[in-house]
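Asker: requesting a structural model of the entry that follows:
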Amino acid sequence: MNAKTMLFGVMIALITAVCAAAMTVAGMHFLRADTASGESPLSGLFSSTEPRTVEFVEIKNVVITLKGNDSNERYLLLEVNLATSDPQKTQSAKDMIPAIRGATVSLLSDMDYHDVREMSIGTLHSKLKAAYVEKFASLNIPVPFDDVIISKMVFQ
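Answerer: Numbering: from 1, shown residues only. Below you'll find the model as predicted:
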């Protein structure tokens, strides 16, 4: 080995060591960097998310008189469940069952039997949810549930 080859080998080793040290320091700063939430930028990649619990508030036997096209009265038996993600919201939804029942009856009792019968579940879901949001807005109370689930619908 001559001096030139040896010097070249030492230079390669020195450059490699400096690059490795620089990358280590930069990586440590990146991993320790605090974001606005106080977490590392990579913490979302390695943290596990806890399963979210869902609770339901059941509102049974809402009977609504619908307008018929003849002199006969028609009825709708409706059962809904309100989905919440927080025990406090669950209790608030239970406390507001009379307002929810009232909003349901107010919405549907003015409708014609055939119109309600032909309505899709998705459309009825949207109308109920909008009526509940409107009712809670008129009471100046935040809506205590996340979703409305229609569990039973019986026409007579």
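Asker: going forward, measure contacts between C-alpha atoms and count neighbours the same way
Answerer: Noted.
Asker: return the distance of residue 3 relative to residue 12.
Answerer: Per CA to CA, to the nearest Å, residue 3 is found 14 Å from residue 12.
Asker: cool, and residue 144?
Answerer: According to CA to CA, residue 144 stands 66 Å off from residue 12.
Asker: more neighbours, these two?
Answerer: Taking other CA atoms under 10 Å, residue 144 and residue 12 do not tie; residue 144 has more neighbours (22 against 10).
Asker: next, the spatially closest residue to the more buried one that is not a sequence neighbour: secondary structure please.
Answerer: Using CA to CA, 6 or more residues apart in numbering and skipping the chain neighbours, the partner closest in space to residue 144 is residue 89 (4.9 Å). Classification of residue 89 using DSSP: H, G, I helix; E, B strand; the rest coil returns helix.
Asker: next, count neighbours for residue 89.
Answerer: 19.
Asker: over to the one 3 residues further on?
Answerer: When counting by other CA under 10 Å, one arrives at 17 neighbours for residue 92.
Asker: ditto for residue 104
Answerer: 22.
Asker: can you verify it is assigned to a helix?
Answerer: Yes: according to three-state DSSP, residue 104 belongs to a helix.
Asker: so it touches residue 131, yeah?
Answerer: Yes: applying CA atoms under 8 Å, one finds residue 104 in contact with residue 131, separated by 7.3 Å.
Asker: so residue 25 versus residue 130, what's the distance?
Answerer: On the measure of CA to CA, residue 25 and residue 130 end up 55 Å apart.
Asker: neighbour count for those two, which is higher?
Answerer: Taking other CA under 10 Å, residue 25 and residue 130 do not tie; residue 130 has more neighbours (14 against 11).
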